[in-house]
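Novice: sequence plus the predicted model coming up.
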Amino acid sequence: MKFGEIVELGGVREQASLATREIIRRSNAEAAEDARVHLYVISCDTCTAPKACCSFVTTAYLYEAMPIAARLVRERRDTPALRKRLRDAADRMETTRSVEYRSPCVFLDASERCTIYEDRPSVCGTHLVSSPAEQCARPDGKVEKLLAPLQDAAPPELAQVLAESIGLEPIGMHYFGVMPRMVLLCLEAWGREDFERFLAKHVRAAAERYQKHRPPA
Ligand code: SF4
Ligand code: SF4
């Protein structure tokens, strides 16, 4: 079977999507309760500011990229132009220190709207701040990011279970990387029957590139 068929017909997309939505739902509920108890406001809930938070390095497990790739295929957005933008963004993210990286996400539209919002990875859905939204876009802005209870986004064990459920080869690391690379690899693997070897090779290569070119922040 081809990768896309396994993702769509094998129930992997639903499983992966449900897992990510549940992480985001739980994190947001816990954050809302914390805000209620400690009397602060989560600025993201009513944010109409330009989405500075969508210009950072964004990471994802491969399984989180599967529902995104499925959506892009379904909505006929998987074009050579989109793949080039994903590749360019991934190359930059993998070779730039995270403190220096600022570039709008490939999925952010001109109206500052996330065009894959319902399928966004957990790192996006659990990024919440209590400082005023305007602070996010200021280079010297003081941003109060909510840390607990959001740190457990996308537990690695889940990635392992889903990787095994679709028969991915063990590569000595999780199938994880910068989000545009993970989405691009899903799209490139979509029509391939040799996706196990393809994904193992390219996820490992992306991780090596990331380690080699991107010194610690
Ligand atoms: S992190 Fe900042 S810019 Fe992003 S949604 Fe929240 S308040 Fe708005
Ligand atoms: S996927 Fe959506 S929420 Fe996440 S950085 Fe991109 S535009 Fe923002």
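Specialist: That came in fine, so what should we check first? Ligands and ions are numbered 1, 2, ... in the order given.

Novice: these two touch, right, Leu82 and Leu72?
Specialist: Yes: with contact taken as C-beta atoms under 8 Å, Leu82 and Leu72 are classed as touching, separated by 7.0 Å. Using the backbone N, CA and C atoms, a C-beta is placed for each residue, glycine as well.

Novice: helices and strands around the helix or strand of the chain with the lowest mean pLDDT, which ones?
Specialist: Least confident helix or strand, the chain: helix 156-165 with a mean of 81, by mean pLDDT, DSSP states H and E. If you count contacts as 3 or more C-beta pairs under 8 Å, 6 or more residues apart in numbering; DSSP states H and E, helix 156-165 packs onto helix 12-38, strand 59-61, helix 62-74.

Novice: those into a markdown table, with extra columns for mean pLDDT?
Specialist: Output for these, formatted as a markdown table (pLDDT from 0 to 100):
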| stretch | mean pLDDT |
| --- | --- |
| helix 12-38 | 91 |
| strand 59-61 | 93 |
| helix 62-74 | 96 |
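
Novice: minimum distance to Leu128: which of these has it?
Specialist: Closest to Leu128 of the helices and strands packed on helix 156-165, according to C-beta to C-beta: helix 12-38, at 5.4 Å.

Novice: how far does that closest one sit from the chain's center?
Specialist: The chain centroid and the centroid of helix 12-38 are separated by 15 Å under C-alpha atoms, centre = their mean, to the nearest Å.

Novice: and stretch 76-87, by the same measure?
Specialist: Here stretch 76-87 is found 16 Å from its chain centre; the criterion is C-alpha atoms, centre = their mean.

Novice: before we move on, what about stretch 108-121?
Specialist: That offset, for stretch 108-121, works out to 12 Å (C-alpha atoms, centre = their mean).

Novice: so where's the protein uncertain?
Specialist: Counting by pLDDT under 70, the chain contains low-confidence ranges at 148-154, 214-217.

Novice: and this structure, which residues reach ligand 1?
Specialist: 43-44, 47, 49, 51-53, 127, 129, 133, 136 (C-beta under 6 Å from any ligand atom).

Novice: narrow those residues to those in helices?
Specialist: Taking DSSP state H as the definition of helices, those contribute 133, 136.

Novice: same list (the helices and strands packed on helix 156-165) but as CSV, adding mean neighbour count and distance to ligand 2.
Specialist: Output for the helices and strands packed on helix 156-165, formatted as CSV (neighbours: other C-beta atoms under 10 Å; distance: least, C-beta to the nearest ligand atom, whole Å):
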stretch, mean neighbour count, distance to ligand 2
helix 12-38, 16, 11
strand 59-61, 24, 9
helix 62-74, 24, 8
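
Novice: with distance to Arg204 added, can I get the ones you listed in CSV?
Specialist: Shown next, in CSV, are these (distance: least, C-beta to C-beta, whole Å):
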stretch, distance to Arg204
helix 12-38, 21
strand 59-61, 15
helix 62-74, 12
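
Novice: which of those sits closest to Arg102?
Specialist: strand 59-61 (15.9 Å).

Novice: each with direction, which strands does the closest one pair with?
Specialist: If you go by DSSP bridges, strand 59-61 pairs up with strand 176-178 (antiparallel).

Novice: next helix or strand past the partner strand?
Specialist: helix 179-189 (DSSP states H and E).

Novice: tell me the buried residues in the helix or strand just after that next one?
Specialist: Using DSSP H and E, the helix or strand that follows helix 179-189 in sequence is helix 195-213. Of all the residues in helix 195-213, those buried under the rule 16 or more other C-beta atoms under 10 Å are 195, 199, 202-204, 206-207, 209-210.
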